[in-house]
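>>> Fold the following and give me the result.
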Amino acid sequence: MIKFFEVISTSPLHIYHSALLLSPRTSIVRRLYEPYAHPLVRVMHGLPISWEHIVGTVKHSDLVWTAAWSPCSGFIAVGFSTRIEILDAVTLQQLHTFTHPRQEGSRWLSFSPDSRSFTQFSRGEYRLTTWDLQTGGRISVVPSTPNTSFLRYLSSAYSMDGKVVAVAHSDPENSTVTVISTYNILSGTHIYSHRVSEEHIVASIWTQGEFLRFATVEPRSITIWEVGFTSKHALAEIKSLPGPDDASSGECLFLPTLSRLAFVLEEAVLIWDSWDSKVLLNFTGDDPPTGLSFSSDGRFFICGTISQEIHLWKESPTGYVLHQKLLFSAGATTLLSPDGESIITFDYPQTQLRHTTGPIGPPSSIHTQPARETDFVLGFSPDKSFAATGRLGGNIATIVDLKSGDPRLIVNTGMGICGLGVTASTVVVVGEGKIITWNLPGGDCVINARANIHDSVRTVVFNHPPPPPGSLHSVLISPDFNHFVAMRGGGEGLDIYDMSTGKHVAGVTADVSQPWFTRDGREVWYASGGQKIIRGGGSDVIGLEPLDWSNRPSGGCLWESSRGHDVDDGWILDSRKKRLMWLPHQWRASKEYRVWDGRFLALLDRTLPEPVIIELEE
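Okay, here's the model as predicted:
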């Protein structure tokens, strides 16, 4: 229900046409109800074995500026440029939409302790704006006051009765000094601003009874401070806890309920237990860590890396053990729910919800994805009997039999794959300066046959300086297998090569992103135009003739169907615009991750282990 909530709520009949069709092979619902499903399409290849971690996705029309979980973990507030949306944390259904006064600068959101209201913090004209989630009305607006600009927001905390909120932020006159400002959100007034010190304050402030507390960190010492929510109470030192030797530098996060300190020390992430004066986690990855977060009870801890990974750790009797390792997009914002059971990832144009719960196993059983997954390359054979696929830069090519959906041949090419193609009897791989050909095994019953470079039947070396090692070109082979094109660098040009000789025959400098051949292989098109391949005697290419983009053939590019099929609002449609199947989140945002060829549709997503190939009804 959670995974397919959107399709079930939109069209219940697609439980049988879409949801069951895409349910994992080992799932209970598939085993029970598959006999009752009569889908309009058939998943040929790439069906997942078990449920993935992503259980919900919602698309947005603009960028997410900020987001926050409610303390009850039931709601997610998402801030955009002109509005704030409240999402249900189970289904990602939109519950409320709030418009806010025109503000400048970054914005931050925070829920009240009872999750019944939330406040937006800004460094613009209106400092704080608070809304009631039940009524949808605005509770108060606190205007800007002198010398209280939120130059850098750290965190916030509410009083026990939810009437006063405290905000930790940097001093507008001295960014190294932390200021705590308090506001009465019912009356919409600023109470006071207290300069803390020039010591390193750990970002999270919290409420302890009638007081506000925060921590500062020095080598071998964690100091807990207390101050009132009103101006009647002066700053006071409460206690000092033993700390690690070097925690005062880098990113720090303090969990007050367990007196645990998570911090970054150069390339390492450490968690220090002040109660027992011991390290619970000492992890050094391949890339600098970022984005530390505890669940409210300390059971879960996450940290990200600049190589687009989320490491999820779970508490155990011996410390923290790796529970999951998930892949996310570059630049995405990731938040752990207070109860530790969900992770929300914001990456324009979509928001994804992932579950963290599940059994802990040895490292070999943890669901992981390599740190730098690359896009898939895929080609169909002209007679639609096979599909060949591999990862750009990887060395494994898989040839799938489109009659049975099983892998016919798995080839270790011995080189980084730039592009590939397949015929009824051969597979051709273009790689680092070479074009290598293998024969496909004969017979209909061959499954998972293996081959390597020693089994190849032909190797052609580029008659042109190959790209530098590690700098792979994206290659597209013509349907007639006479030529292939290789994009230069970031798509500023392309070069055409002869497949039989490896000879460079022509080139063009232009915006050549998303190149594609016409079905006859005589024209190559790209984002800004096209080129006609001019031949001399025989099949020799003697030049290129520019083509006008407005005259491009319809249905000829990889992401357009030649039979009138289409994708609209997440649905695969036939030529009569009848809904055939609902597409999950991975393949909605970008049409370039869909490859059509006749009645087949390949869906590419770098975070999945292999492409999904679908056969559509005739």
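
>>> Tell me the buried residues in the lowest-mean-pLDDT helix or strand in the chain?
For the chain, using mean pLDDT, DSSP states H and E, the weakest element among its helices and strands is strand 54-59, scoring a mean of 76. Using 16 or more other Cβ atoms under 10 Å as the burial criterion, the residues of strand 54-59 that qualify are Ile54, Val55, Gly56, Thr57, Val58. Quick note: C-beta positions are derived from backbone N, CA and C, even for glycine.

>>> doesn't Arg354 make contact with the first one?
It stands for Ile54. Yes - Ile54 is in contact with Arg354 according to Cβ atoms under 8 Å; the separation is 5.3 Å.

>>> show me what contacts Leu87?
Listed by Cβ atoms under 8 Å, 6 or more residues apart in numbering, the contact set of Leu87 reads Val58, Phe75, Ile76, Ala77, Val78, Gln93, Gln94, Leu95, Thr351.

>>> Who does it form a beta bridge with?
Ile76, Gln94 (DSSP bridges).

>>> can you start the count at 19 instead of 1 from here on
New numbering, starting at 19: the last item is Leu105.

>>> what separates it from Arg125, distance-wise?
17 Å (Cβ to Cβ, to the nearest Å).

>>> now Cys321
25 Å.

>>> and these two? which has more neighbours close in?
A direct count of neighbours by other Cβ atoms under 10 Å for Cys321 and Arg125 places Cys321 higher, at 25 against 21.

>>> Which strand or helix spans that one?
Cys321 is located in strand 318-323, with elements delineated by DSSP states H and E.

>>> right, and Val613 touches Cys575 too?
No - counting by Cβ under 8 Å, Val613 does not reach Cys575; the two are 9.8 Å apart.

>>> quick one: which of these two has more around it?
Set Val613 next to Cys575 and count neighbours by other Cβ under 10 Å: Val613 wins out with 23 against 20.

>>> check which helix or strand covers that one.
Taking DSSP H and E as the definition, Val613 sits inside strand 612-615.

>>> Tell me the neighbouring strands of that strand, and mark each as parallel or antiparallel.
Checking strand 612-615 against DSSP bridges gives partners strand 618-621 (antiparallel).

>>> what is the mean pLDDT for the partner strand?
Regarding strand 618-621, the rounded mean pLDDT is 92.

>>> quick one: that strand to chain centroid distance?
The chain centre lies 21 Å from the centre of strand 618-621; the measure is Cα atoms, centre = their mean, to the nearest Å.

>>> Identify the residues contacting that strand?
Here strand 618-621 makes contact (Cβ under 8 Å, 6+ apart) with 62, 64, 396, 398, 402, 405, 407, 420, 579, 583, 590, 601, 604-605, 611-614, 629-634.

>>> next structured bit after it?
With elements assigned by DSSP H and E, the helix or strand that comes after strand 618-621 is strand 630-634.

>>> hmm, back to that, show me what whatever helix or strand comes next after the least confident helix or strand of the chain is packed up against.
Note on strand 72-77: by DSSP H and E, the next helix or strand toward the C-terminus is strand 84-87. Where contact means 3 or more Cβ pairs under 8 Å, 6 or more residues apart in numbering; DSSP states H and E, strand 84-87 is packed against strand 93-97, strand 125-129, strand 351-354, strand 360-365.

>>> now those in JSON lines, with distance to Glu244?
Output for the helices and strands packed on strand 84-87, formatted as JSON lines (distance: least, Cβ to Cβ, whole Å):
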{"stretch": "strand 93-97", "distance to Glu244": "29"}
{"stretch": "strand 125-129", "distance to Glu244": "20"}
{"stretch": "strand 351-354", "distance to Glu244": "27"}
{"stretch": "strand 360-365", "distance to Glu244": "32"}
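
>>> Mean pLDDT and distance to Tyr34 for these - can I get that in TSV?
Converted to TSV, these look like this (pLDDT from 0 to 100; distance: least, Cβ to Cβ, whole Å):
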stretch	mean pLDDT	distance to Tyr34
strand 93-97	92	31
strand 125-129	88	39
strand 351-354	86	35
strand 360-365	86	28
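
>>> Which one, of the ones you listed, ends up nearest to Lys595?
Evaluated over these, closeness to Lys595 peaks at strand 360-365, with 30.1 Å, by Cβ to Cβ.

>>> any idea which helix or strand comes after that closest one?
strand 368-373.

>>> What pairs with the helix or strand hosting Leu146, parallel or antiparallel?
Leu146 is part of strand 144-150 when elements are defined by DSSP H and E. Strand pairing for strand 144-150, using DSSP bridges, gives strand 135-140 (antiparallel), strand 156-161 (antiparallel).

>>> which of the residues in it are buried?
Using 16+ other Cβ under 10 Å as the test for burial, strand 144-150 gives Tyr144, Arg145, Leu146, Thr147, Thr148, Trp149.

>>> Show me the two of those that sit farthest apart.
Arg145 and Trp149 (14.9 Å).

>>> Tell me where the model's unsure across the stretch 369-518 of the chain.
Low-confidence segments of the stretch 369-518 of the chain (pLDDT under 70): 376-391, 463, 482-491, 507-509.

>>> What are the boundaries of the strands in it?
With strands called from DSSP state E, counting those that start in this stretch, the stretch 369-518 of the chain shows them at 394-398, 404-409, 414-419, 425-430, 437-440, 444-448, 452-457, 467-469, 476-479, 493-495, 501-506, 511-516.
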